[in-house]
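> Kindly generate the corresponding structure for this input.
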Amino acid sequence: MQTFPTSAQVIYDTLAADATFLGYLGSYDFKTGQGPITALSIVSPGEDMPSLRNVAGVECIIQDTGEIRAQNYLTDSAYMVTTWSLFLIVWEPAKGDNLQVATEHVMSRFAGSQSVQTVATTDGLGSLVQTKVMIKSNMPIL
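Residues are numbered from 1 along each chain as shown. Model (predicted):
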């Protein structure tokens, strides 16, 4: 049976079950003493992670809301396609090549996905670079 990325949770569950992808990710350490925990999360855009002490390696954040476009038909109701945003963020000690491998792996799991390098951050802000992967809800999970 073919499955589709119809929600952020479906994307999260797909990646959380992928041992190869999890091996590319870094970790979270929380101020509560929890950690290290794999750096994979779902958040609302603009939401802060709760009480993070440290992020190391490649972090994966899936936004819980997507961009919606109507596919209009002449004879039927419009079909809604959601484009989900997934961000891969590089923190020390990871480098750009770690990001490249993680990005390629995500894109190999979600047909028709695209990525764009969004930001190289300035010195002192922590993260080095991030990539945005766009995943369409009407394309199958591979």
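
> and stretch 15-29, which residues are buried?
For stretch 15-29, the neighbour count (16 or more other C-beta atoms under 10 Å) marks Leu15, Phe21, Tyr24, Leu25, Gly26, Ser27, Tyr28, Asp29 as buried. For glycine as for every other residue, the C-beta is placed from the backbone atoms N, C-alpha and C.

> for the last one, what are its contacts?
Asp29 sits next to Gly35, Pro36, Ile37, Leu52, Arg53, Asn54, Val55, Ala56 when contact means C-beta atoms under 8 Å, 6 or more residues apart in numbering.

> give the contact list for the fourth one.
If a contact means C-beta under 8 Å, 6+ apart, then Leu52 has Tyr28, Asp29, Phe30, Lys31 as its contacts.

> Dig out what it forms beta bridges with.
Counting by DSSP bridges, Leu52 forms beta bridges with Phe30.

> helix/strand/coil for the residue positioned nearest the centre of the chain?
The residue lying closest to the centre of the chain (C-alpha atoms, centre = their mean) is Leu86, at 2.8 Å. Each residue gets one of three states, and Leu86 gets strand by DSSP: H, G, I helix; E, B strand; the rest coil.

> quick one: pLDDT of it?
According to the prediction, Leu86 has pLDDT 97.

> Quick one: neighbours of Gln71, just the number.
Here the count is done by other C-beta atoms under 10 Å, and Gln71 has 10 residues near it.

> got it, and the one 3 residues further on?
In terms of burial, Leu74 registers 4 neighbours under the definition other C-beta under 10 Å.

> Contact partners for the residue nearest to the centre of the chain?
Under the criterion of C-beta under 8 Å, 6+ apart, the contact list for Leu86 reads Ile11, Cys60, Ile61, Ile62, Gln63, Val106, Lys132, Val133, Met134, Ile135.
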